[in-house]
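**Q** here is my input; please provide its structure:
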Amino acid sequence: MLRIEQWIVVAFYGVAFVAYAVAFRKESTDAFARARWLLRAAVVAHFLHLLHLSLALHRLPVTDVFEAMTLCVWLFAATYVSLEWRVPEKALGVFILPVIVALQMLAALFLDFDRALP
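**A** Here you go, the predicted model:
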């Protein structure tokens, strides 16, 4: 189930990236509003995934490079959402989200759920 959740989170971020790219191309305030809501949904889904991962592992997911990477991706995305709320520049998402998608995809590919604590 955790593997599926990881890829669902990647899909959420990917859909948000496509929405930001479309909004950037159209320069429409409605499209940017839709993209913002999709990114917020992705951040919430990622938070729920991290919560489930913590409960499944019985520890915080920070003991492995890829566990820490998925946590950092969530922090990065949550920080961007809060900055976007405060700063009126909305087009930055089209440049930040590819990094978020790539890092989350890398974490999803190599995260090992069966590894014991070092």
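
**Q** what's near enough to touch His52?
**A** 1-2, 5 (C-beta atoms under 8 Å, 6 or more residues apart in numbering). Bear in mind the C-beta positions are built from the backbone N, C-alpha and C, glycine included.

**Q** could you look up the SS state of Asp112?
**A** What DSSP: H, G, I helix; E, B strand; the rest coil gives for Asp112 is coil.

**Q** counting neighbours, what do you get for it?
**A** Per other C-beta atoms under 10 Å, the neighbour tally for Asp112 reads 9.

**Q** is it true that Phe47 touches Trp74?
**A** Yes. The criterion here is C-beta atoms under 8 Å, and Phe47 meets it with Trp74 at 6.4 Å.

**Q** more neighbours, those two?
**A** The neighbour count for Phe47 versus Trp74, taken as other C-beta under 10 Å, is higher for Trp74 (21 against 14).

**Q** so how many other residues sit close to the nearest residue to that one once chain neighbours are set aside?
**A** In space, and not counting its chain neighbours, Trp74 is closest to His46: 4.7 Å by C-beta to C-beta, 6 or more residues apart in numbering. Applying other C-beta under 10 Å, we find 26 residues neighbouring His46.
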